[in-house]
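1. return a 3D structure for these sequence lines:
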Amino acid sequence: MPAKNKAVFLDRDGVLNREMGDYVCRLEDFHVLDNFSALKTLQDKGYLLIIATNQGGLAKGWYTEEELAKMHHRLQEDYHAHGIALTDIFYCPHHPAFTGDCDCRKPKPGLLLRGIEKYNIDPAKSYFIGDRERDVEAGTAAGVKGILINSNQPISEVLDLIE
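-> Reported below is the predicted structural model:
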């Protein structure tokens, strides 16, 4: 049986890109934060880098899947330019007030569980960095150690919490 991978799951808004109120709805408002050195360090330590993000603005009709894809493409391009490969991006398009309950909207662990299964990840050796308590709750529910940061705080400030 192949060895399991280890991963750092990352919330998007407020962690990888600048928090802009409730939702970032347009590519013009999507500003990638400078976490390049920190994420390169994690990648070099053998961690897969996987985004897990709630995107309830889709359910609300505030932006389209096409606009979201453009934002995610920009994110991947910016990180790729710094030698960083984002393994995958999982997002929840639901919002309970518009689409009802789902198993993927954080604090539920569905997004992380999908990543764990798809990439043969050992949750006990993995982390979830987020700027909301619901991120830590989702990580805990998936068996991953949650790390809470302040919105727009550099990830480099929590690198010592990751083995």
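2. what ranges do the helices span in the chain?
-> Using DSSP state H, the helices of the chain run over residues 36-44, 57-60, 65-80, 96-99, 110-118, 133-141.
3. OK, contacts around the nearest residue to residue 147 once chain neighbours are set aside?
-> Leaving aside its chain neighbours, residue 147 sits nearest to residue 129 (4.8 Å; criterion: CB to CB, 6 or more residues apart in numbering). (C-beta placed from N, C-alpha, C; glycine too.) Under the criterion of CB atoms under 8 Å, 6 or more residues apart in numbering, the neighbours of residue 129 are 8-11, 15, 135, 147, 149, 155, 158.
4. any idea which of these is closest to residue 42?
-> Nearest to residue 42 among the contacts of residue 129, counting by CB to CB, is residue 8 at 5.2 Å.
5. count the residues that sit near the closest one.
-> 23 (other CB atoms under 10 Å).
6. just list whatever residues bridge to it.
-> residue 49, residue 127 (DSSP bridges).
7. correct me, but residue 153 touches residue 131?
-> Yes - taking CB atoms under 8 Å as the definition, residue 153 is a contact partner of residue 131 at 7.3 Å.
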